[in-house]
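Q: Provide a 3D model corresponding to the input given below.
(4 chains)
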Number of protein chains: 2
Amino acid sequence: MIEPDTDSKAETRTRLLEAAGEVFAEMGFARATIRDICHRAGANLAAVNYHFRDKEGLYFAVAKYAESFADQDFANGPGNQPGNGPGVASGATPEQQLRFFIRTFLFRAIGKDRLAWHGKMMAREMSEPTAMLDRLVAEGIRPRATVLEGIIRQLLGSAATKWRVEACARSVVSQCIFYHLCRPVIDRLHPNQRYDTESVEQLADHIAQFSLGAIQGIVAHKGF
Amino acid sequence: MIEPDTDSKAETRTRLLEAAGEVFAEMGFARATIRDICHRAGANLAAVNYHFRDKEGLYFAVAKYAESFADQDFANGPGNQPGNGPGVASGATPEQQLRFFIRTFLFRAIGKDRLAWHGKMMAREMSEPTAMLDRLVAEGIRPRATVLEGIIRQLLGSAATKWRVEACARSVVSQCIFYHLCRPVIDRLHPNQRYDTESVEQLADHIAQFSLGAIQGIVAHKGF
DNA sequence: GACAGTTTTAAACAAGTGTTTTAAACTTCT
DNA sequence: AGAAGTTTAAAACACTTGTTTAAAACTGTC
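A: Purely as a prediction, here's the structure:
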């Protein structure tokens, strides 16, 4: 009898989660097909419905699965402390915290590894929401937004309005997810832009510098 | 015989364009259904295929139709000169030009009128491209990107690298289209944010101030 | 008023996709 | 080895959506 190779030995359920992670992250919920996912996983079409009840059940499971990676430290670059979510480097200055947040956020919007699945799924939910958006906002997006707004609040000072803090947070986040959501047009407009680790570091530096300069400008002009 | 009212008197073809403009701007190409469009237009299901051959033909026609409005001056607020595209206010300082560009861009990403159709369709194409993206990039997106990069080049000075100019342009654009693409999550995260004319003006002011401060910060720190 | 061309209508068709079903294959335990 | 439960497999089903068809209604012309 032929010994099955390691890939086939992995449980179908796990292979489905892996394949679905890639597909959902790249395509979002609606454009992903379970036929595609099952094909990539080397599984039968009915496997999704057997293991996860339906497509939405798989989507939820993948979200949880991806979340389990999202807390790990960041493999693609130095400087992130294990166990910390985006922007919660303890004992750092607000400036450092903002850089850290942006860097982590950007890697998870651009990267292709498991760490990026969660970020990409959140980004897709932002523009093409599903029934899961409310849960994802409550458990994934709002906590991170709160962290970011806390950092920005420190940078702007207590004189800044709540509205201004929120607007700045949106300005920061939008720059990051732009590189995931609008990749098709960036590739056509700026085809020389690279996405290897070094280039993403450079992009993170730009966004951080851009945003810090913007916030400092607001403080300097007392534009609260 | 009963006289048909003005709406029914309008040609089916025109009513289809109007209905499709709303739907395509809001949903993008894939999520829009011709059944929905025909229903809104009070037309039969086969009308799209009769007048525009197929769904894509309608999409192209709507893009052209919307473009015919995009050159008109901007109804929802003062200060825009007729016949000028975003950011090409003649004889203004680069700062004023940037504000103008952002303001126009933002109104066309948030607005609900015909003027916004083109901007919203471009934004959707950026994240969910169709076969039309290449044409839209060539005729609509790249010209505007070139204008924006020209403005930023003036602000940054000739010492700035091409890469930095492009990155700043992306930072500006991303903040604007965020309000169209990610509206679902903004509504949940910041439910107090309003979108009447005055509020959009305020948002445009914020993005302009944010971006100008960022660019000035880059210049000040010689971070080219 | 009859005719030719145009437009609209209702229905059916075709393709893609999520889901269910039923049986076969496999695993585990005794 | 045999039985019970678990997993996989192939096919069919149901629904949505874009498209086509063929007849009906309409419009303008003579």
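Q: Going by residue numbers, what spans are helices in chain A?
A: A:6-9, A:12-31, A:34-41, A:47-52, A:55-70, A:94-110, A:114-127, A:133-136, A:142-156, A:162-181, A:183-189, A:197-220 (DSSP state H).
Q: Would you single out the least confident of those?
A: Per-stretch mean pLDDT for the helices of chain A is lowest at helix A:6-9 (a mean of 48).
Q: and the gap between the residue nearest to A:C168 when sequence neighbours are not counted and B:L17?
A: Sequence neighbours aside, A:I152 is the residue nearest to A:C168 in space, at 4.9 Å (criterion: Cβ to Cβ, 6 or more residues apart in numbering or on different chains). Using the backbone N, CA and C atoms, a C-beta is placed for each residue, glycine as well. From A:I152 across to B:L17, the span is 43 Å (Cβ to Cβ, to the nearest Å).
Q: Same question for A:A70.
A: Distance from A:A70 to B:L17, by Cβ to Cβ: 45 Å.
Q: of all the residues in chain A, which ones are close to DNA strand C?
A: By the rule Cβ under 7 Å from any atom of the strand, the part of chain A lying against DNA strand C is A:32-35, A:45-46, A:48-49, A:53-56.
Q: on that earlier part again, quick one: which of the helices of chain A is nearest B:Y179?
A: helix A:162-181 (7.9 Å; Cβ to Cβ).
Q: The closest one: which residues count as buried?
A: A:163-181 (16 or more other Cβ atoms under 10 Å in any protein chain shown).
Q: Chain neighbours aside, what residue packs nearest to the residue with the shortest distance to the centre of chain A?
A: Central residue check for chain A by Cα atoms, centre = their mean: the C-alpha nearest the mean position is that of A:G119, 1.5 Å away. Leaving aside its chain neighbours, A:G119 sits nearest to A:R108 (3.1 Å; criterion: Cβ to Cβ, 6+ apart).
Q: What count of nearby residues applies to that neighbour?
A: For A:R108, the neighbour count with other Cβ atoms under 10 Å in any protein chain shown is 27.
Q: which residues does the nearest residue in space to A:V48 that is not next to it in sequence contact?
A: Spatial nearest neighbour of A:V48, excluding adjacent residues (Cβ to Cβ, 6+ apart): A:I34 at 4.7 Å. By Cβ atoms under 8 Å, 6 or more residues apart in numbering or on different chains, A:I34 lies in contact with A:45, A:48, A:55, A:58.
Q: Pick the one among the residues you listed closest to DNA strand D.
A: Closest to DNA strand D out of those is A:L45 (5.2 Å), distances taken as Cβ to the nearest atom of the strand.
Q: And for A:A159, the neighbour number?
A: When neighbours are counted by other Cβ under 10 Å, A:A159 comes out with 9.
Q: Just give the nearest non-adjacent residue to A:F210, would you?
A: Here the residue nearest A:F210, using Cβ to Cβ, 6+ apart, is B:A214, at 4.2 Å.
Q: cool, A:A61 as well?
A: Leaving aside its sequence neighbours, A:A61 sits nearest to A:F52 (Cβ to Cβ, 6+ apart; 5.5 Å).
Q: got it, and A:L181?
A: B:S127 (4.3 Å).
Q: ok, the one you found touching A:I177?
A: No. The criterion here is Cβ atoms under 8 Å, and B:S127 misses it with A:I177 at 9.7 Å.
Q: So what's the residue count around the closest residue to A:G28 other than its chain neighbours?
A: Leaving aside its chain neighbours, A:G28 sits nearest to A:R124 (3.7 Å; criterion: Cβ to Cβ, 6+ apart). Applying other Cβ under 10 Å, we find 25 residues neighbouring A:R124.
Q: A:R124 and A:L181, how far apart?
A: A:R124 is 8 Å from A:L181, where distance means Cβ to Cβ.
Q: Around DNA strand D, which positions in chain A sit nearby?
A: A:11-13, A:43-47, A:50-51.
Q: 10 Å instead, please
A: A:8, A:10-16, A:35, A:38, A:41-47, A:49-51 (Cβ under 10 Å from any atom of the strand).
Q: Look up how far A:T12 lies from the residue lying closest to A:E18 once chain neighbours are set aside.
A: Once flanking residues are discounted, A:E18 sits nearest to A:A41: 7.0 Å by Cβ to Cβ, 6+ apart. Look at A:A41 and A:T12: by Cβ to Cβ, they are 7 Å apart.
Q: Please apply the same query to A:D187.
A: In terms of Cβ to Cβ, A:D187 sits 35 Å off from A:T12.
Q: Which one's more surrounded, those two?
A: Shown here are A:D187 and A:T12; by other Cβ under 10 Å, A:T12 has more neighbours (17 against 13).
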